[in-house]
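Engineer: Next one to model:
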Amino acid sequence: MLDTHYTFSALDGSASFREFPSVNVQLPNRASRVQAPVALSLTPQPVLALDDVTLSFGGLTALAEISLSVNPGEIRAIIGPNGAGKSSLINIISGLYRPDTGFITLGGQVFRQVPASRAARLGLARTFQNLALFKGLTVLENVMAGLAFTRRSTFIGQAFGLPRARREDRDARERAHSILSFLKLEAHADRLAGSLPYGLQKRVEMARALVANPEILLLDEPMAGMTVTEKQEMAGFIRSVRDDYGTTIILIEHDIGVVMGLSDRIAVLDYGRKIADGTPAEVRADQAVIDAYLGVARHDDFEEGI
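Structural biologist: Residues are numbered from 1 along each chain as shown. Predicted structure coming up:
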């Protein structure tokens, strides 16, 4: 019997440039979403925008005057060397950090700080660089936790199994099983999350973020620690979520080959500043990016791999 007394907030190197296969999936129905490939207009209205965002910690500038936009249905990568400010940017978008200056536009609303308590209802979900699973719960229970904010039944209703609570529990289980099947985790549904290998735990965390059908999915190094085969499979899942369901994805990832093969546009940070922003081809040819990664101005080295 699932204990529903917990709460969860989903918002709390060589490289080769390769393509990854798409994965055919069926995600849970959502009346407000069109389950079809998204056709990007020439001038789409951004679903998310940052305007001159600056963030400092004790006098150390983590981000300096960052402005960028994210279009509907695109895979928008944010890359940069270690310490460039990538995770800080994700934490600002998800409401964990309040920028010193600047604004965030989300869902047509302008925020100085995105309200973390409302982030899920604003259509945001995320994964974390460091796993944030309930390791003592099963995989299924972890994924169902991603729907905790959607429950309307009271504690009493859940404790006594009243009709509304039973219906919500049934619907949550169905949606969770669908996502587990999508990510090829169904065989592990009844295992404790903490007993799974690290790579599978990363997929469980992604499943928990996906189960609520977010408008925008923030992925903070979703492929860290994975093998080449696991990365290829995960890249296929990410692309299918975007192509088949229209989810906008913001991706932080260190594997440059994955980023170049998967992303529509890439923003590059270095020492908290945005030094490049464009398509993979434009970023790959940008001298500032080459210098930031290699420390030398040699275009051929970046083309061959980092």
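Engineer: residues touching Leu183, list them.
Structural biologist: Contact analysis of Leu183 by Cβ atoms under 8 Å, 6 or more residues apart in numbering lists 203, 206-207, 210, 237. Glycine gets a C-beta too; all of them are placed from N, C-alpha and C.
Engineer: In helices only, show me those.
Structural biologist: Using DSSP state H, the members of the contacts of Leu183 that fall in helices are 203, 206-207, 210, 237.
Engineer: Can I get the contacts of Leu183 in TSV including distance to Lys184?
Structural biologist: Compiled in TSV, these are given as follows (distance: Cβ to Cβ, whole Å):
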residue	distance to Lys184
Arg203	8
Met206	12
Ala207	10
Leu210	13
Phe237	9
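Engineer: now those in TSV, with distance to Gly80, pLDDT and neighbour count?
Structural biologist: Formatted as TSV, these follow (distance: Cβ to Cβ, whole Å; pLDDT from 0 to 100; neighbours: other Cβ atoms under 10 Å):
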residue	distance to Gly80	pLDDT	neighbour count
Arg203	25	90	24
Met206	22	90	25
Ala207	27	93	24
Leu210	26	92	26
Phe237	24	90	21
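Engineer: From those residues, pick the one nearest Thr247.
Structural biologist: The nearest member of the contacts of Leu183 to Thr247, counting by Cβ to Cβ, is Leu210 at 8.1 Å.
Engineer: List the contacts of the closest one.
Structural biologist: Neighbouring residues of Leu210 by Cβ under 8 Å, 6+ apart: 27, 125, 146, 179, 182-183, 217, 241.
Engineer: which residues touch Thr105?
Structural biologist: 46, 48-51, 111.
Engineer: one more time with 7 Å
Structural biologist: Neighbouring residues of Thr105 by Cβ atoms under 7 Å, 6 or more residues apart in numbering: 48-49.
Engineer: same thing with Gly102?
Structural biologist: Each residue near Gly102 by Cβ under 7 Å, 6+ apart is listed here: 50-54.
Engineer: Which residue is the nearest non-sequential neighbour of it?
Structural biologist: Val53 (3.5 Å; Cβ to Cβ, 6 or more residues apart in numbering).
Engineer: that older thread, closest to Lys231 out of the contacts of Gly102?
Structural biologist: Closest approach to Lys231 among the contacts of Gly102 (Cβ to Cβ): Leu50, at 27.8 Å.
Engineer: For the helix or strand encompassing that closest one, which strands pair with it and how are they oriented?
Structural biologist: In this structure, Leu50 sits in strand 48-57 according to DSSP states H and E. Here strand 48-57 is paired, per DSSP bridges, with strand 60-70 (antiparallel), strand 101-106 (antiparallel).
Engineer: so where do the strands sit in the stretch 101-250 of the chain?
Structural biologist: 101-106, 109-111, 124-126, 216-220, 248-252 (DSSP state E, counting those that start in this stretch).
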